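> Give me a model of this one.
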Amino acid sequence: MPAKEIKELRQSGRLDEALTMAQEELNAQPDNIWCKRNISWVYYAFLKKHVQESNFEGFIENLLKIKALNLPEEEVMIFDTTAYQIVSMIYKLNGNDSVDYSKINQIFDLIKEFYFTKPSESFSLLMKAFQKVAQNWSRFIEFADWWGLENFRGSDYQTEEYNGRQLSALVDKVYGSYCKKLIEGESTNEFSIIKKINKEKIQQFLPQLDQIIDKYPEYNYLPYYKAQMLLSLGDKDEVLSAFLPFAKQKRNDFWVWGLMAEIFKDDKELEFACYCKALSLRTPNEFLIKTRQVFTKILVERELYAEAKTEIKHIITVRENKGWRIPSDILAWTESKWFIDAKENPNNKNLYAKHIKKAEKLLFKDLPEHIVAVEFVNSDKKILNFVKNEMFHGFFKYQGIVKNPKIGDVLKVRLEQIGNEGFHKVLTVEGIKTDDLADIPAIKETSGVLNIPEGKPFGFIDDVFVPPNIIKENNLSNKDEVKIKAVLSFNKSKEKWGWKVINVYN
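Take a look at the predicted model:
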């Protein structure tokens, strides 16, 4: 058998001669596996050549020839090696200004009958290449199902590094693309732009997705996609709990609140609040035009015409600056009487501010609220100390969160402790005005006789400490009968809890 000669011709680049010799050998013994192997490697050499030359037709021709050999399943070496050239051709096609997806389909339809080693480096690279074209490729779910999401290698679950940059793990990217395709839906036929959500497929996929989310919480966006899929199923009981962990991490991204608005679209007040929160965040205006347009429709329905006009002006400004088309419904609004008559505001910041707290509470509704008292205020550092009881106390920065806090103010808060030094991050906060102190253990009212020790600027009413400033501001004297309000306070010098007067009543 001329296997050695064929190999030498192939390796020296004399491919036409190698092909002639290999074809003659195969014609003489068409069922001989060695003859098939010899010519398969010649076809591979042509395949590689056509990839280098970006010759798609020649590439497909030799891929077809490899397929036509009907090699048995054991011949994985030729298939695994061919995978590298398939990957290179996919990257070349994706590098064009406009991807020809019919060519992607041709390759996929051919390799579906190839026998690749699973899992393997070459098989993972095959997935990596096809995932690159997933965004606008209608058959990505079909490809992923053929490839088999159980065929990832251990390294595919880990983040990658490229040119000093950390890149998402292959598994993270693939599951993300798969989710997006399920959410997007499938075309009802080859020529239709109408897409239909495959609810049965989503239901089958969700348990698999849950396993990945539980095992790899660093795949940040998968809970977001899960929430969108649950929303498409109409499963609103589960969607919020699925989405909350993600939403808390990404709460400064406007599109998180857009999805929250979708979740609560049956509750018009919450939906409105979520859009206010989305538009209140620092975001480039070009990213907000779709959100603004949805919100404008709600404003018009509420007859908030000045506010609607403000949003429309923002939308038009961005679209004109970018050279983008102005949608017909926006144009129709600008021609309406209400738009012409409405006052124009520079922005809707005051409107957003009135509603965003209601939206923010949604994120932390699963966390307990605490009623606390302000025990101390450092106005220079914008820090206040709070206390609920001897077990729950600390401090947080109040700037931009609590306006002009005073000692004795009562707050309803959700807090996250940062470190072990008592510092907390405010999640939600609301001021409370009440005369009923029964449910506020950190504050008490009492009365009694003031006892000022001789030569001291401070005093006591039973066990309650009266600071010098309180005595001076209220012109108090020893043995005065007074009614006071006190706050629970920790005495650092004595290292024990006690009470401190904050107000005196005449």
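
> looking only at pLDDT, what's the mean for stretch 411-424?
Averaging pLDDT along stretch 411-424 yields 91.

> Quick one: distance of it to the chain centre.
Stretch 411-424 sits 25 Å away from the centroid of its parent chain (Cα atoms, centre = their mean, to the nearest Å).

> how long is that stretch end to end?
14 Å (Cα to Cα, to the nearest Å).

> Same question for stretch 146-160.
25 Å.

> same check, this time on stretch 298-310
End-to-end distance of stretch 298-310 (Cα to Cα): 13 Å.

> buried ones in it?
Neighbour-count burial for stretch 298-310 flags 298-300, 304-305, 307-310 (criterion: 16 or more other Cβ atoms under 10 Å). C-beta here means a position set from N, CA and C on the backbone, and glycine is covered the same way.

> and the helix or strand harbouring Phe376, what does it pack onto?
Assigned by DSSP states H and E, Phe376 falls within strand 370-378. Packing partners of strand 370-378 (3 or more Cβ pairs under 8 Å, 6 or more residues apart in numbering; DSSP states H and E): strand 383-387, strand 393-397, strand 410-417, strand 481-491.

> In that strand, which residues are buried?
371-377.

> Which residue is most remote from the mean position of the protein?
Glu454 (64.4 Å; Cα atoms, centre = their mean).

> In the protein, where is pLDDT below threshold?
Residues of the chain meeting the criterion pLDDT under 70: 1, 187-193, 435-438, 506.

> Okay, domains of it per the record?
Split into domains by automatic domain parsing, the chain comes to 268-361, 367-432, 443-505.

> show me where the stretch 101-250 of the chain has helices.
101-111, 121-132, 140-147, 170-184, 199-215, 222-233, 236-249 (DSSP state H, counting those that start in this stretch).

> would CSV of those with distance to Gln293 and mean neighbour count be doable?
Formatted as CSV, the helices of the stretch 101-250 of the chain follow (distance: least, Cβ to Cβ, whole Å; neighbours: other Cβ atoms under 10 Å):
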stretch, distance to Gln293, mean neighbour count
helix 101-111, 30, 16
helix 121-132, 31, 20
helix 140-147, 29, 18
helix 170-184, 20, 20
helix 199-215, 28, 14
helix 222-233, 20, 21
helix 236-249, 22, 17
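
> show me the contacts for the closest residue to Thr317 other than its chain neighbours.
In space, Thr317 comes closest to Asn285 once its chain neighbours are excluded; the distance is 7.6 Å by Cβ to Cβ, 6 or more residues apart in numbering. Listed by Cβ atoms under 8 Å, 6 or more residues apart in numbering, the contact set of Asn285 reads 314, 317-318.

> again with Asp480
Neighbours of Asp480 in contact, by Cβ under 8 Å, 6+ apart: 449-450.

> Ok, the one 4 residues further on next?
Applying Cβ under 8 Å, 6+ apart, we find Ile484 in contact with 445-447, 461, 464, 466, 501, 503-505.

> now do Gln293
Counting by Cβ under 8 Å, 6+ apart, Gln293 has contacts 311, 315, 327, 329-330.
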